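In: Structural data only, the sequence is not supplied:
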């Protein structure tokens with residue numbers, strides 16, 4: 001009679017434990033990858049929803065009747081102090097009006113990029129301004145036309161969505 005020692009059984013058990021640990025690691029990696037991809041998708045969707053806030057800010061600037069007058073939690077006639085991320089640090093976002101788009105909450109504030117005291121008496125010195133060359137003749141000595149001086153405004157949009165996703169975006173426009 002041949003005596004069996006059971007070493008084969010021990011080897012099979014060790015291999016099965018190693019395979020089980022490898023399978024568990026692969027499953028955890030897949031779950032992590034899916035969570036990361038989901039979070040990236042939510043963040044991208046909040047940035048897309050921010051376009052709605054930017055468009056609302058542009059419409060606000062176009063319709064702005066009195067650029068010297070502040071509107072609480074919406075419009076600042078002077079440039080605000082900024083935090084380390086370049087966002088206006090004086091804005092209390094809990095007081096800013098909120099628009100809803102599906103699962104997203106969109107808020108915006110507008111700043112005129114001027115410094116100093118109100119009223120702005122010298123836009124060239126106090127404000128970030130812009131002039132655009134207009135199309136004209138390329139003939140030597142021909143008049144060069146420029147558009148009127150425009151002031152630059154900054155629109156800061158905060159968008160919050162599912163799973164605590166939040167994004168900030170900024171746009172500069174001139175008027």
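Out: Perfect, I can see it now. Remember, it's a predicted structure, so these values are computed and weren't measured experimentally. Numbering: from 1, shown residues only.
In: So for residue 56, what's the nearest residue that isn't a sequence neighbour?
Out: In this structure, residue 56 finds its nearest non-sequential neighbour in residue 108, 5.9 Å apart by CB to CB, 6 or more residues apart in numbering. Using the backbone N, CA and C atoms, a C-beta is placed for each residue, glycine as well.
In: Which of the helices or strands spans residue 151?
Out: Using DSSP states H and E, residue 151 sits within strand 150-160.
In: wait, is the residue nearest to residue 56 part of a strand?
Out: Yes. Assessed by DSSP: H, G, I helix; E, B strand; the rest coil, residue 108 belongs to a strand.
In: And the pLDDT for it?
Out: At residue 108, the pLDDT value in this model is 97.
In: In contact with it, which residues?
Out: Residue 108 makes contact with 53, 54, 56, 57, 60, 74, 96, 155, 156, 157, 158, according to CB atoms under 8 Å, 6 or more residues apart in numbering.
In: re the thing from before, other residues contacting the helix or strand following the strand holding residue 151?
Out: Later in the chain than strand 150-160, the nearest helix or strand by DSSP H and E is strand 166-174. Contacts of strand 166-174 with the rest of the structure, by CB under 8 Å, 6+ apart, involve 43, 46-47, 50, 53-54, 57-58, 61, 85-87, 113, 129-130, 150-160.
In: Could you list the buried residues of strand 166-174?
Out: With burial defined by 16 or more other CB atoms under 10 Å, the residues of strand 166-174 counted as buried are 167, 168, 169, 170, 171, 173, 174.
In: returning to that earlier point: let's have the contacts of residue 108 in TSV, adding neighbour count and pLDDT.
Out: Listed next are the contacts of residue 108 as TSV, based on neighbours: other CB atoms under 10 Å; pLDDT from 0 to 100:
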residue	neighbour count	pLDDT
53	25	93
54	18	95
56	17	94
57	23	94
60	17	95
74	16	95
96	15	96
155	22	97
156	25	97
157	24	97
158	21	96
